[in-house]
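Q: turn this into a structure:
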Amino acid sequence: MSGGMTMVDRRAGLLQALRTVLSALIGVRHRRMHDEDSAGLRPIQVIVAGVVVVAVFVMAIIAFVQLVAIK
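A: Below you'll find the predicted structure:
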């Protein structure tokens, strides 16, 4: 990395946390990408992103079931 920052000094953003959670949900991940993303992630970021992803997933299932049940 440039500017003298190491991977540990770098803070991961919301998109990196979401990408990490989604790839864990699907179950596919390259080792290099995992190492890059997890270096800057804090546990609270992963927990919040996981709760958001699961909530959206559950709401999508409920909406799909209601849509199918109407017909």
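Q: CA atoms for contacts and neighbours, from now on please.
A: Fine.
Q: pLDDT on stretch 16-34, on average?
A: The average pLDDT within stretch 16-34 is 81.
Q: flag every buried residue along it.
A: Going by neighbour count (16 or more other Cα atoms under 10 Å), the buried part of stretch 16-34 is Q16, A17, L18, R19, T20, V21, L22.
Q: dump those residues to a markdown table, plus secondary structure and distance to M59.
A: Below are the buried residues of stretch 16-34 laid out as a markdown table (DSSP: H, G, I helix; E, B strand; the rest coil; distance: Cα to Cα, whole Å):
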| residue | secondary structure | distance to M59 |
| --- | --- | --- |
| Q16 | helix | 23 |
| A17 | helix | 20 |
| L18 | helix | 17 |
| R19 | helix | 19 |
| T20 | helix | 21 |
| V21 | helix | 17 |
| L22 | helix | 16 |
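Q: ok, those vs M33, which is closest?
A: T20 (9.0 Å; Cα to Cα).
Q: before we move on, back to that, for the buried residues of stretch 16-34, give me JSON lines that also has distance to A69.
A: Output for these, formatted as JSON lines (distance: Cα to Cα, whole Å):
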{"residue": "Q16", "distance to A69": "36"}
{"residue": "A17", "distance to A69": "34"}
{"residue": "L18", "distance to A69": "31"}
{"residue": "R19", "distance to A69": "32"}
{"residue": "T20", "distance to A69": "34"}
{"residue": "V21", "distance to A69": "30"}
{"residue": "L22", "distance to A69": "28"}
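Q: wait, which of those residues is closest to R32?
A: Nearest member of the buried residues of stretch 16-34 to R32, counting by Cα to Cα, is T20, at 12.3 Å.
Q: relative to V56, how far out is that closest one?
A: 16 Å (Cα to Cα, to the nearest Å).
Q: state which helix of the protein is the longest.
A: helix 43-70 (DSSP state H).
Q: so for that one, mean pLDDT?
A: Rounded mean pLDDT across helix 43-70 is 93.
Q: buried stuff in that helix?
A: In helix 43-70, counting by 16+ other Cα under 10 Å, buried: Q45, V46, A49, G50, V53.
Q: how far off centre is that helix?
A: How far helix 43-70 lies from its chain's middle: 13 Å, per Cα atoms, centre = their mean, to the nearest Å.
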